[in-house]
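# Generate coordinates for the sequence data below:
(3 chains)
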Amino acid sequence: MGCDGTRVAVVIEGRPSATVEEDRMGRATVRLDPAFTVGPVRPRMFGSFVEHMGRCVYTGIYEPGHPAADELGFRTDVAELVRELGVTLVRYPGGNFVSNYRWEDGVGPKADRPRQLDLAWRSVETNQVGTDDFVDWARRVGVEPMMAVNLGTRGLQDAVDLLLYCNARPGTRLPDQRVANGHVEPHDIRVWCLGNELDGLWQIGHKTAEEYARVAEETARAMRQVDGRVELVACGSSNRAMPTFGTWERVVLERCFDLVEHISAHAYYEPVDGDVDSFLAAGEDMHRFIEAVVATADHVAAVKGSDKRVMVSFDEWNVWYHSRFPGERSLEIREAPELIEDVYDVRDAVVVGSLLITLLQHADRVSMACQAQLVNVIAPILTRPGGPAWRQTIFHPFALTARYARGTVLRPAVVSDRVETRAYGPVDAVVVTATHDPESGDLTVFVVNRSRTESSELTLDVAPPVGGDPTAYVLVEHLVVHDEDPSATNTEERPHRVTPHPGDAAVDGATLTATLPATSWHCIRLTERGVR
Amino acid sequence: MGCDGTRVAVVIEGRPSATVEEDRMGRATVRLDPAFTVGPVRPRMFGSFVEHMGRCVYTGIYEPGHPAADELGFRTDVAELVRELGVTLVRYPGGNFVSNYRWEDGVGPKADRPRQLDLAWRSVETNQVGTDDFVDWARRVGVEPMMAVNLGTRGLQDAVDLLLYCNARPGTRLPDQRVANGHVEPHDIRVWCLGNELDGLWQIGHKTAEEYARVAEETARAMRQVDGRVELVACGSSNRAMPTFGTWERVVLERCFDLVEHISAHAYYEPVDGDVDSFLAAGEDMHRFIEAVVATADHVAAVKGSDKRVMVSFDEWNVWYHSRFPGERSLEIREAPELIEDVYDVRDAVVVGSLLITLLQHADRVSMACQAQLVNVIAPILTRPGGPAWRQTIFHPFALTARYARGTVLRPAVVSDRVETRAYGPVDAVVVTATHDPESGDLTVFVVNRSRTESSELTLDVAPPVGGDPTAYVLVEHLVVHDEDPSATNTEERPHRVTPHPGDAAVDGATLTATLPATSWHCIRLTERGVR
Amino acid sequence: MGCDGTRVAVVIEGRPSATVEEDRMGRATVRLDPAFTVGPVRPRMFGSFVEHMGRCVYTGIYEPGHPAADELGFRTDVAELVRELGVTLVRYPGGNFVSNYRWEDGVGPKADRPRQLDLAWRSVETNQVGTDDFVDWARRVGVEPMMAVNLGTRGLQDAVDLLLYCNARPGTRLPDQRVANGHVEPHDIRVWCLGNELDGLWQIGHKTAEEYARVAEETARAMRQVDGRVELVACGSSNRAMPTFGTWERVVLERCFDLVEHISAHAYYEPVDGDVDSFLAAGEDMHRFIEAVVATADHVAAVKGSDKRVMVSFDEWNVWYHSRFPGERSLEIREAPELIEDVYDVRDAVVVGSLLITLLQHADRVSMACQAQLVNVIAPILTRPGGPAWRQTIFHPFALTARYARGTVLRPAVVSDRVETRAYGPVDAVVVTATHDPESGDLTVFVVNRSRTESSELTLDVAPPVGGDPTAYVLVEHLVVHDEDPSATNTEERPHRVTPHPGDAAVDGATLTATLPATSWHCIRLTERGVR
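Numbers count the residues shown, from 1 in each chain, chains lettered A, B, ... in the order given. The predicted structure follows:
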């Protein structure tokens, strides 16, 4: 999690008359045809992130003594919300934290574990949760762990040691230590991040592209020697505005192309200087980011004469109000401090929903994605120590997408009104993706209206199958994230203030129509008549 | 025109049982929907190439004293065939030739023009045709001239001089010289190639990527200073198997990104070591080539934080039997020698048709393409000095595509049987593109069956327009390039041995069916009922 | 021990008529004159190699509980064979193994030593043999230990620590630890390898030439600071076909020239694609390898204006059938697995003998050589756990050369028939070296006939001393390694199937004649009349 958010400084003026036209109604026409597809819905797209930062671990997922804590000290109320959220994969233990983490501090008897000063977030790390504890939790909650190794203050040897500790069969020192710590069976962790954001000057042990490429290459080669089944993620850029963006990925992949399956991308969004139009269009940035990384990976493939396709692991993304964060340097050193506990409103939820649409639109090349983070730290779930846990607004589009995106992502043909943005120029107001599950016949459409001033009238047709019935699809449900007050939030006192509510979608013959209010996100569920 | 065609040497065996199954019938299902598009049909896609090489110019387009010669010495019979071919753009004067060409030798009174030894093709160049003559011819024939400057033995100053001679208004030395030579009006040539194949060791004045990038950058900057309306083409790779492929494009674009609109690609195909399966699938190479250059250009855009999209100028492509060419070194020095006058058969024509399909499939990023060359030298048109001109087999798919590809290129959804190839692994037997002209209602489908052993049964559906008639399209015509004898050719004696003939396409309701014989190319013309 | 042996891929055809001419008799004429010399016979030329790999250490030199084990668990039967082999120097503990070795794991009480997973050979390392144990064994067997430090996963500090542990006088932490482990006297190890094969991608912690040069330079400087008497060996190339060959040596020596005495070379040979002629001529490769490294070292000397001569440490060489090795990745993790236990035949022994001839021919610049390895792992000695140890075919030429090469290497003048090889072109069938000991008067001639089809008649003259007796030399013994069946081997059941047997050499006046059968190696011992 970096500190240089994409603050796109732009001087062009937005359209000042926008607020005047509040009542205009826009139009969006969508054509779907199950024959035109992008790629499979990849379950790992619905990943999240647990970093040892703020209250994500301590008083987040873990709080011994809490009324809902299990025998290992993990909160079952939080675990229940994580399951409801539909998270599939959780990255751990950082983030910036990992770049000065000693994994050995976090295993073995809890009483023996040292208290350490974490330099990344200037916090006291008690090490009461470590690798074994996290993996145990992940297995109980039903998520796949995704592990990062420390390539900041450490290197090849420690990465190999951690992998041996986690994945090797008993019989040698490190796995035997794991056994002694109560885990006879290997953790069998498949996805490993080769460090975190090492392109960032804020990162402990920051590296140049060449330096990182070399350490990642040799570490990757050694890790593959230990366990031939691991999937490795090379660090890409911390955001698209990094001065080394593009060149970093090229240099890293020129070295590591044959050794990694994925390259990472991170991005956080907020309204910069009050530019809400660009904020609502954050998916444009993510789209260009993904396209640029794919182009770079495929350029390297071309140079190498290879047909291999390196995939994008978008393993940190979210709305994050950097502008409310004072910076690490000003933090007082404490245990489990309240760090960046952004309270999200309806507009933020619409942006989160739109980012999920963008990710699905790139299902051919985005293999994984992790919303950052899971609890308390810019998170869909908030907790009070000793008190309840509740869903933020952004919880809902994530949960609905994770639940209903199934099968294959379709490539819709969309004609939409345009919105002018400072950061991206004119962009479509209405953005759409859809997934189709041939087995169940379910077809789910995810739609966002990114205009903050104009409603839009959606007209959607599904092309009939060859020789088939043009009215094959029936409406199952239309759920909307929207509010008259786009700054409405959920709080401990009013945890259900913002929840999805039914929309007005209706099917007439082969055509579906629905109203898309300004700043709204939609999940429209159809199913093929007679398939189930 | 380079000397290192993509001879992909591969050791995996083809499927030996193929010939046994001659009578098996394959299947291909195609779904079209005019809502799903790639990009516009760009007229410059149907370019050609006139190089001072062999008999392309002399006794090709130009032959004073020929019965059909016009008053300037150009053959009107050839010009008529060029118009029938549908050529839109002609690159001139090379090719390797340009890299040691002095354009001043080719202007002014013909009697004063020097005879020169061309090093590229070891030929005597009489200079009886030069820039003014070519541009005059192009205007009469109705094609756009595309000019290349010499960055082999010359550089910035001569490039600027030629541009001044061609495009500047009278009043200074060089345009005044043009006026003195009979051309008061500027030639107003828009598209300029910054040299030719300078990545190739065979090129006179070959350069490293860095060297070329610098001279191209400075030449481009100066040319833009002369004429702000020119479009510039930087040299890309001479083929996809060049050792510098990918890196060359990156280095060149890192320097020239803001100064050029296009980057070139060249490719020639033949059956290598008798590998006909891979030859029929040559479009795969062209496809991967285009994708790789696009990835590289977009990688550079990402590094530069630019949304600019550099386009691919595929300005040399064709079938060329390198294996029949002894190499420049062994040529005897002569005037207008008979160089690489390949006689094409039906199979070659099918491959040419398939390459045009590939180019159309990339209409979003391929801005221009030039078949190399126009007359006699690996060309669709052959001539006998003093005798007739006739159409080679490859003339026909080019002419049909140039005539009927109109409007917008559609993105078809295709399910096809696969063919195993040594060079590309398994590939679709049937490949399809289509163009749709909303104004006329014309929808033209171009199809190739790349299997050399199996016919295929094509089933094609066009998704009905929203709320429209599912049987909106009627069949206009189905033309096939195919022959029982795939080695059949056209000759002076039998110039019409191979021509397109009607196919068996039929429409039943919303579904079109057609038989695609092994090794066949098809142009299937539909039109919307009632549009015109 | 690398994974990219010199697999010389060659396309030229061998001579197909060879087998027809089986009975042809070739000729070789040799002139020796003790006044013409190459350099001294260096005892370290007869080195070997003990790596923690396969069964070289465990059940090789070390097997507690074996009937022949000494009180420390080392097999005395194996030790006896090592003495008979005439080994002088033994490199330890790797090889690829060293690049992830923690030497501390192998010292101190055996019960406390950890079991570790060795990544190089995917084996379980029990650490029951370590530095002290090996040095003790070496001293008992009468060989000099040659130690390698880990520059793969570790660096300067650990190298210095190991050197302090081994060579420092008591009084500080590390030598005191050695004393506590029972060794008051320093081990006084003179020859140290600065890592192993770090040019190879298979090496854990592989490095670029620049990276390695820097770490070797700083480590060497620090080690010399600890002990001014050490001799240091920089890593050269893992074989002559490495893509960085030559450049690697240059870059490394530009940094380390003043800090090292030796630079390493490694080579393994086998018949590639059945090319036995080139295999028999493997000495040609070794010859070119040595010449190339010497030229590179002297080039750097020239650049530095230095007269220093860096010597070649050919510290891994042998016949190795890579083609029978499945690769490290496919190894199942086990203790002391049976790895690459090649069983050698007569032809292999002839090649080993010829390689020793090549090494002696370069006695001026090759300071050391280590046959890889000593026991079981591509070794002259095989053992059965709990059972006997026996001599492989390759044992014999090594033992004879180590015993009888004494004094000074002579430079013979040879005229020989030629053999055509794919890899090296035409080469001499008969290759000769000789050593002369002025004190004893012994003159020993080592000869190989590399033709696999033709016998050769050897005629050898020794120039008489000035004014001396032209019939000064008398024949002592002629021993031959040859067999009617060149694929004959020694096995546990028939351990003496292949041994040296007497040849037919005869002296007539000043001229020696001998028959050299196809594929044969010879040790011909003469002595000066009346010297002893």
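# When you work out contacts or count neighbours from here on, use the C-alpha atoms and nothing else.
Will do.
# What pLDDT is listed against the residue of chain A found nearest chain C?
Residue nearest to chain C within chain A: A:Thr172 (4.6 Å; Cα to the nearest Cα). Note for A:Thr172: predicted pLDDT of 95.
# Relative to A:Asp161, how far out is it?
Separation of A:Thr172 from A:Asp161 (Cα to Cα, to the nearest Å): 11 Å.
# for A:Ile524, same thing?
48 Å.
# neighbour count winner among those two?
Ranked by neighbour count (other Cα atoms under 10 Å in any protein chain shown), A:Ile524 and A:Asp161 place A:Ile524 first, with 23 against 20.
# which residues touch the more buried one?
Neighbour list for A:Ile524: A:Thr444, A:Val445, A:Phe446, A:Val447, A:Leu475, A:Val476, A:Glu477, A:His478, A:Leu479, A:Ala505 [criterion: Cα atoms under 8 Å, 6 or more residues apart in numbering or on different chains].
# Filter these down to the buried ones and hand me the ChimeraX line.
Selection of buried members from the contacts of A:Ile524 for ChimeraX, criterion 16 or more other Cα atoms under 10 Å in any protein chain shown:
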select /A:444,445,446,447,475,477,478,479,505
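# can I get the contacts of A:Ile524 in a markdown table with secondary structure?
Converted to a markdown table, the contacts of A:Ile524 look like this (DSSP: H, G, I helix; E, B strand; the rest coil):
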| residue | secondary structure |
| --- | --- |
| A:Thr444 | strand |
| A:Val445 | strand |
| A:Phe446 | strand |
| A:Val447 | strand |
| A:Leu475 | strand |
| A:Val476 | strand |
| A:Glu477 | strand |
| A:His478 | strand |
| A:Leu479 | strand |
| A:Ala505 | coil |
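# Closest one to C:Arg102 out of the contacts of A:Ile524, please.
Nearest to C:Arg102 among these is A:Phe446, at 55.6 Å by Cα to Cα.
# Leaving aside the residues adjacent along the chain, what's closest to that closest one?
Spatial nearest neighbour of A:Phe446, excluding adjacent residues (Cα to Cα, 6 or more residues apart in numbering or on different chains): A:Cys523 at 4.8 Å.
# Just want the phi and psi numbers for that neighbour.
phi -120, psi 110 (degrees, to the nearest 10).
# try A:Asp442
In terms of degrees, to the nearest 10, the main-chain angles of A:Asp442 are phi -70, psi 140.
# can you count the residues close to A:Arg140?
A:Arg140: 10 surrounding residues under other Cα under 10 Å.
# So it, which state does it fall into?
Taking three-state DSSP, the label given to A:Arg140 is helix.
# Let me see the contact set for it.
By Cα under 8 Å, 6+ apart, the contact list for A:Arg140 is empty.
# Return the residues of chain A in contact with chain C.
Contact residues (Cα under 8 Å from any Cα of the partner chain) of chain A with chain C: A:156-157, A:171-174, A:218-219, A:221-222, A:225-226, A:228.
# among those, which two are most distant?
A:Gly171 and A:Glu218 (25.2 Å).
# Which residue of these two possesses the greater neighbour count?
Under the neighbour definition other Cα under 10 Å, A:Gly171 and A:Glu218 were set side by side, and A:Glu218 has more, 25 against 19.
# Show the model's pLDDT score for that one.
96.
# That one: which element?
helix A:209-226 (DSSP states H and E).
# Which residue ranges make up the domains of chain A?
Split into domains by automatic domain parsing, chain A comes to A:42-404, A:413-528.
# what distance separates the start and the end of the first one?
The separation between the terminal residues of domain A:42-404, taken as Cα to Cα, is 12 Å.
# buried set for the longest helix anywhere in chain A?
In chain A, taking DSSP state H as the definition, the longest helix is helix A:282-304. Within helix A:282-304, the residues that qualify as buried are A:282-286, A:288-304, counting by 16+ other Cα under 10 Å.
# Pull the number of nearby residues for the residue of the stretch 101-250 of chain A found nearest chain B.
Minimum separation of the stretch 101-250 of chain A from chain B (Cα to the nearest Cα) falls at A:Gly246, amounting to 4.7 Å. Residues contacting A:Gly246 under the criterion other Cα under 10 Å number 28.
# Next, work out how far apart the residue nearest to A:Phe446 and A:Val82 are.
Taking Cα to Cα, one finds A:Cys523 at 20 Å from A:Val82.
# Also A:Glu51?
From A:Glu51 to A:Val82 the distance is 15 Å (Cα to Cα).
# and A:Phe395, how many neighbours?
24.
# Now it: phi and psi?
The phi/psi pair for A:Phe395 (degrees, to the nearest 10) is phi -60, psi -40.
# With the one 5 residues further on instead?
Comment: the main-chain dihedrals of A:Leu400 come out as phi -70, psi -40, following degrees, to the nearest 10.
# Which pLDDT does the model give it?
Looking at A:Leu400, its pLDDT is 98.
# Does it touch A:His522 like I think?
No - the pair A:Leu400 / A:His522 is not scored as a contact, 9.5 Å apart, by Cα atoms under 8 Å.
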